[in-house]
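Trainee: Output the structure for:
(chains A and B)
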Amino acid sequence: MDCRILVVDDDDDVCFTIKYVLERAAYCVLVAGSADQALRAFVEFKPELVITDLIMPGESGIDLIRKLKKVAPQVKVVAISGGERVTDRTILEDALRVGASRALQKPFRHAELMQIVVNLLNSSRV
Amino acid sequence: MAESSPNPSSGSQEHLLGSADFILSNTLDCIAAVDQDWRYIYLNDRARLAIAGGRDLVGMNFWDAFPGAAGHPLGDAYKKTMSDGVVRELEAFFEPLDQWFACRVVRIAEGVVTFFRVTTRERKQDSALSAISARLQSIFGNLDLGVTVLDSRGFILEANRAAEKLLGIPNDQLCGLSVNSPEWRAIDVNGRQIAAGEFPAMVALRTGTVVRQFVMGVFNPGSGDRRWLSVDAFPIRTIGNAPPSHVYVIFSDITERQEEENELRLSRSFMEIAQRVTSIGSAAIDLRTGKWNWSEETCRIYGVDPHEFMPSAQSIAPLIHPSDREAVLCAPEMAQKGLTPPTIEYRIRRPNGEERLLRRDAVLIYDDLGQVIGVVGAVQDVTDIRAREQEKELLRAQLNHAQRLDALGRFAGGIAHDLNNTLVPVLTLSDVLASSFSENDDRRKLIEMIKRAAERGRDLVRQVLTFTRRDAPNRQRVELVEFLESSMGFIRASIPKTVEVVYRISRVPPIFADPSQIHQVLMNLVANAAHAIGEGRGTIEIALAEGNLNGAPVLANRAASFAIMSVIDTGCGMDAELQDRVFEPFFTTKGVGVGTGLGLSVVHGIVTAHGGAITVKSAPGAGARFDVYLPFAER
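Mentor: Numbering: from 1, shown residues only, chains lettered A, B, ... in the order given. Prediction:
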């Protein structure tokens, strides 16, 4: 299949889990521990899909999505989050507003993740 | 001494004396006659008594009988008349006889005859009168009191020096002035011009009665300022009941006293104003007389009329709450013992039935010798202050409570985030792992168990997040009657059969809410009620009604009317401390593994996020009642 997916999360276990299940499905996966790392990797790796956590030390996932969408508007983004900001809107809603294609609340089932990834990549192919 | 022309001598003396003997003996005058050789030739009875102690002096030489007459005006008058025949009249004191004599000396052919009277008594009376008059004149002149005498028309006839000085008008100008003169610019104590007819002199003249201590301010042109006079006016009647013919006006300068009184009055009125502004009255008790004195403000505070109410222990006792009476009324007794009555707050009931809370601070008053002579209290109506303090205290408590919940919410939110991350590998990889074993493999069953545990953990975290979330992602108009009807099946299924469920539902306007969250609220409250009832029998009542926020937290939405959804159980109930903490997250009375301690805090979070409020009423053993206030959707 050889689809490139960049996974961004400050939690190593989360990165490992997503990388594991996606590689099992024959995707090419690169992980980054922060938004900063992700931006640098993005230039080299040129992924078709970015799966990013939202609440991270340093730059947030929301900032990352904004920047990615600026340099590569066609890139698909899946926002994942384990928490919600104490505001009127959920942070996942914020992510959708700044350009994420889908939002997924942690923890998620294997099937939920795979369905989203497959659907997004298929639609980009079509 | 009066003199007249010589008397022509009449006929014979025998004839004269003989024919007039009867007259001469009975006249009121004394009569004595001497011949040219100064021998007495006649004395009537009165003359004998007056100058000779009743002896007959006929034949005696005048100068021998009265040697003191030589060189005396009387003797001189005799001599002169004897020689020139001029009639002389004189009055003189004759020391040898110690008497005054008024004499008329007349020349006759035979010699000289004297008609005289003893005037000693009259003389003494006159001199006493003139002495009195002189003394009075001196007093009148030197008196510090102003004195004027006015005639019946109000014209000043006489004025003393003090009057001159007090009125500032010289005597010569003062006499002749009338009360109608424009010189008088007189005012009364209230500053009003006094009409001429109202001057004390005129009042005394008109009414015939004495006017006393009439206070008037008179402009004094001499000093250029106003002097305050206290005036008495005494009408004088010369005959019986006739209208007064004169009036004496006596006045003194009381300017200093009057100004002190004015000042006192002013300072008293300032004091009353200050008391009114601060709503602090004063109450004094004079221990020497036992007299109570209340300021107008104190009367106002007690709701009594300051012009009618006579403060005393007896009169104020019924106004004070029976349980506070002793504390208030023991003040004079304590003061007598030299103890300062303590500051107290006490309840009163005004005559109109209104209840107020008062505060009294007291101080003792001492005389120069250090003896306690009185006690003065400052009385303040603190009803509103205390009510405001109470409300503030309530708000502070509610704010504290809200802040505590908020802090706990943030804390819970942080943990939820980390737990969700932690659960990602567990949930996702257990799926992957399970699929690598066959359906019958025991290991697959173990993995499924891990998965279910992870799912329970995830649900728990979702609950925590609901608690931290302030938004209402899916709000809509909710008809609570339909909502409750659709929930009945769930409710019945979720609680033991031994618990009866009763509905008491009134139709209310729709609310604007997230139905799933309201469902969560209801189910949580029902679960909580069922738990409070426990194993035995009991009843859960679910009620819906429209009502106001009577008694509900003041921080909540201030809408006039709310939908009130109530869950009432017959369970074990809670004490006050428990009720206080029941909405805190992680606070639970349930055993480990039975409750999360989040149910009611989630309920609280949801209700608050909906602009509503929740209250609890309970007592140990008496069940519990939760009232959820939800604002109506805009109509």
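
Trainee: May I see the buried residues of stretch B:373-385?
Mentor: For stretch B:373-385, burial by neighbour count (16 or more other C-beta atoms under 10 Å in any protein chain shown) applies to B:I373, B:G374, B:V375, B:V376, B:G377, B:A378, B:V379, B:Q380, B:D381, B:V382, B:T383. C-beta: built from backbone N, CA, C; applies to glycine.

Trainee: Mark which of the residues you listed are part of helices, please.
Mentor: B:T383 (DSSP state H).

Trainee: would you list the buried residues of stretch B:373-385 in CSV and tack on distance to chain A and pLDDT?
Mentor: CSV is the format used below for the buried residues of stretch B:373-385 (distance: C-beta to the nearest C-beta, whole Å; pLDDT from 0 to 100):
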residue, distance to chain A, pLDDT
B:I373, 69, 92
B:G374, 65, 93
B:V375, 61, 93
B:V376, 59, 94
B:G377, 55, 93
B:A378, 51, 94
B:V379, 52, 94
B:Q380, 46, 93
B:D381, 46, 92
B:V382, 42, 92
B:T383, 42, 91
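
Trainee: any idea where the helices of chain A begin and end?
Mentor: Counting by DSSP H, the helices of chain A are A:12-24, A:35-45, A:61-71, A:91-97, A:110-125.

Trainee: now the ones you listed as CSV including distance to chain B and mean pLDDT?
Mentor: Written out in CSV, the entries for the helices of chain A read as follows (distance: least, C-beta to the nearest C-beta, whole Å; pLDDT from 0 to 100):
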stretch, distance to chain B, mean pLDDT
helix A:12-24, 4, 93
helix A:35-45, 16, 94
helix A:61-71, 13, 93
helix A:91-97, 8, 84
helix A:110-125, 4, 87
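
Trainee: What pLDDT is listed against the residue in the stretch 501-635 of chain B that chain A sits nearest to?
Mentor: Residue nearest to chain A within the stretch 501-635 of chain B (C-beta to the nearest C-beta): B:A609, separated by 9.7 Å. Per-residue confidence (pLDDT) for B:A609: 80.

Trainee: Determine the number of other residues adjacent to it.
Mentor: B:A609 sits with 19 neighbouring residues when counted by other C-beta atoms under 10 Å in any protein chain shown.

Trainee: What's the nearest residue in the stretch 251-400 of chain B when you look at chain A?
Mentor: Checking the stretch 251-400 of chain B residue by residue against chain A with C-beta to the nearest C-beta singles out B:L399 as nearest, at 17.9 Å.

Trainee: Tell me who's in contact with the spatially most central residue of chain B.
Mentor: Among the residues of chain B, the one closest to the centroid is B:S295, at 2.1 Å (C-alpha atoms, centre = their mean). Counting by C-beta atoms under 8 Å, 6 or more residues apart in numbering or on different chains, B:S295 makes contact with B:M271, B:E272, B:Q275, B:G281, B:S282, B:A283.

Trainee: Narrow those to those that are buried.
Mentor: Neighbour-count burial within the contacts of B:S295 applies to B:E272, B:Q275, B:G281, B:S282, B:A283; the criterion is 16+ other C-beta under 10 Å.

Trainee: Could you export the residues you listed as TSV, including pLDDT?
Mentor: As requested, these are exported to TSV (pLDDT from 0 to 100):
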residue	pLDDT
B:E272	87
B:Q275	88
B:G281	93
B:S282	93
B:A283	93
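
Trainee: can you put these in a markdown table and add secondary structure and distance to B:P510?
Mentor: Written out in a markdown table, the entries for those read as follows (DSSP: H, G, I helix; E, B strand; the rest coil; distance: C-beta to C-beta, whole Å):
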| residue | secondary structure | distance to B:P510 |
| --- | --- | --- |
| B:E272 | helix | 59 |
| B:Q275 | helix | 56 |
| B:G281 | strand | 55 |
| B:S282 | strand | 60 |
| B:A283 | strand | 59 |
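
Trainee: Which one of the residues you listed is nearest to B:L480?
Mentor: Using C-beta to C-beta, B:G281 comes nearest to B:L480 of those, at 54.2 Å.

Trainee: How about the closest one: what's its closest non-neighbour residue?
Mentor: In space, B:G281 comes closest to B:T298 once its chain neighbours are excluded; the distance is 3.0 Å by C-beta to C-beta, 6 or more residues apart in numbering or on different chains.

Trainee: neighbours around A:Q74, how many?
Mentor: Residues near A:Q74, counting by other C-beta under 10 Å, number 7.

Trainee: Next, find the distance separating it from chain B.
Mentor: To chain B, A:Q74 is 28 Å away according to C-beta to the nearest C-beta, to the nearest Å.

Trainee: burial count for B:S127?
Mentor: Number of residues near B:S127 (other C-beta under 10 Å) recorded here: 10.

Trainee: Likewise for B:R360?
Mentor: For B:R360, the neighbour count with other C-beta under 10 Å is 20.

Trainee: Which parts of the helix or strand containing it count as buried, going by neighbours?
Mentor: With secondary structure defined by DSSP states H and E, B:R360 is part of strand B:355-366. By 16+ other C-beta under 10 Å, the buried positions in strand B:355-366 come out as B:R356, B:L357, B:L358, B:R359, B:R360, B:A362, B:L364.

Trainee: So what are the sheet partners of that strand and their directions?
Mentor: Here the strand partners of strand B:355-366, with direction, are listed using DSSP bridges: strand B:344-349 (antiparallel), strand B:372-381 (antiparallel).

Trainee: Format those as a markdown table; extra columns: distance to B:R625.
Mentor: Conversion of the strands paired with strand B:355-366 to a markdown table gives the following (distance: least, C-beta to C-beta, whole Å):
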| stretch | distance to B:R625 |
| --- | --- |
| strand B:344-349 | 32 |
| strand B:372-381 | 37 |
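
Trainee: who's in contact with A:L54?
Mentor: Residues near A:L54 by C-beta under 8 Å, 6+ apart: A:S60, A:G61, A:I62, A:A79, A:I80, A:S81, A:I91, A:L92, A:D94, A:A95.

Trainee: mind checking how far it is from chain B?
Mentor: Distance from A:L54 to chain B, by C-beta to the nearest C-beta: 10 Å.

Trainee: what's the pLDDT at that residue?
Mentor: A:L54 is assigned a pLDDT of 90 by the prediction.

Trainee: If we ignore the residues flanking it in sequence, what's nearest it?
Mentor: A:G61 (3.6 Å).

Trainee: what sits against residue 63?
Mentor: If you meant another chain, say so; for now it's chain A. By C-beta under 8 Å, 6+ apart, the residues touching A:D63 are A:A35.

Trainee: Can you look at chain B instead?
Mentor: Counting by C-beta under 8 Å, 6+ apart, B:W63 touches B:W38, B:A69, B:A70, B:G75.

Trainee: my read: the first one touches B:M60, true?
Mentor: No. Under the contact definition of C-beta atoms under 8 Å, B:W38 does not touch B:M60, with a separation of 9.3 Å.

Trainee: Residue 91: neighbouring residues, count only.
Mentor: Unless you meant another one, I'm taking chain A. Look at A:I91: counted by other C-beta under 10 Å, it has 19 neighbours.

Trainee: Actually, chain B is the one I wanted.
Mentor: By other C-beta under 10 Å, 16 other residues sit near B:E91.

Trainee: what does the one 3 residues further on give?
Mentor: A count of nearby residues for B:F94, using other C-beta under 10 Å, gives 20.
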